[in-house]
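> Sequence plus predicted model, see below.
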Amino acid sequence: MIYIHLAEGFEEIEALTIVDVLLRAGCDAKTVSVTGNTDVAGTHGVHVTADLLFEDADYSLCEMIVLPGGLPGATNLLAHEGLEEQIKAFHAQGKKLAAICAAPMVFGAHGIITDKDATIYPGMEEYLRGARPTGETVSVDGNVITGQGPALAMEFALKLVEELKGKETRDQVAEGLLFD
């Protein structure tokens, strides 16, 4: 199970691309609202009905936490105390954590990327507290995957597939999408 977290102001192209690509790869991907309501508005006013509320999500079944970016979506994710606890628990267990665009700021604030390579939306590198900013489109360091932004959502999502299911599955999904 992969949980893609939605907060008010999430970046639509990132969240929905990630969900779509993971489902194409045969992953059990679910959107999780941290708002207390299953209806969540993206940064451009697109409303999405989340699969689960944060309060109903079973993190013992989850193998990866994913944070789409967008503003104020990323800052709203950062402010959610229950999500902070889950992220820290995943990090302590070496479970996979992924964030794109502005959302790697959440990992920086919670000490998840200290002494790790990471990337973020260009110009926001100050929020990668303790990390080694790579400037790469997608960075992987151990259990943490970070990406730069909206135009790279497909590349980021395919990297998640590779980390979860291997390069062969990633390549098959990419071919079907006409990505490569």
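Ah, there it is.
> show me where the protein has strands.
2-6, 29-33, 39-41, 47-49, 52-53, 64-67, 96-100, 117-118, 132-133, 138-141, 144-147 (DSSP state E).
> And the ones you listed: which comes nearest Leu158?
Nearest to Leu158, of all those, is strand 138-141, at 8.8 Å by Cβ to Cβ. (C-beta placed from N, C-alpha, C; glycine too.)
> Show me the strands paired with the closest one, marking each as parallel or antiparallel.
Strand 138-141 sits in its sheet next to strand 144-147 (antiparallel), going by DSSP bridges.
> residues touching His60, list them.
That one is not His; residue 60 is Ser. Residues near Ser60 by Cβ atoms under 8 Å, 6 or more residues apart in numbering: none.
> what's the pLDDT at the residue lying closest to Thr169 once chain neighbours are set aside?
Among residues not flanking Thr169 along the chain, Ala25 sits closest, at 5.5 Å (Cβ to Cβ, 6 or more residues apart in numbering). Ala25 carries a pLDDT value of 98.
> got it, and the one 10 residues further on?
Looking at Thr35, its pLDDT reads 98.
> quick one: contacts for the spatially closest residue to Val48 that is not a sequence neighbour?
Nearest-residue entry for Val48: Val40, 5.5 Å, with adjacent residues in sequence omitted and distances by Cβ to Cβ, 6+ apart. Neighbouring residues of Val40 by Cβ under 8 Å, 6+ apart: Leu6, Ala7, Glu8, Phe10, Ser33, His47, Val48, Thr49, Ala50.
> Ramachandran coordinates for the second one?
Its backbone dihedrals place Ala7 at phi -120, psi 160, with angles given as degrees, to the nearest 10.
> pLDDT on stretch 109-121, on average?
Averaging pLDDT along stretch 109-121 gives 97.
> so how far does that stretch reach from one end to the other?
15 Å (Cα to Cα, to the nearest Å).
> May I see the buried residues of it?
Ala109, His110, Ile112, Ile113, Lys116, Asp117, Ala118, Thr119, Ile120, Tyr121 (16 or more other Cβ atoms under 10 Å).
> What about Gly94, how many residues nearby?
Residues within reach of Gly94, counting by other Cβ atoms under 10 Å, total 9.
> pLDDT value on it, please?
Taking Gly94 on its own, its pLDDT is 97.
> The closest residue to it other than its chain neighbours: how many residues sit nearby?
Once flanking residues are discounted, Gly94 sits nearest to Asn143: 5.2 Å by Cβ to Cβ, 6+ apart. By the criterion of other Cβ under 10 Å, Asn143 has 17 neighbours.
> same thing with the one 10 residues further on?
Around Ala153 sit 25 other residues, with neighbours defined as other Cβ under 10 Å.
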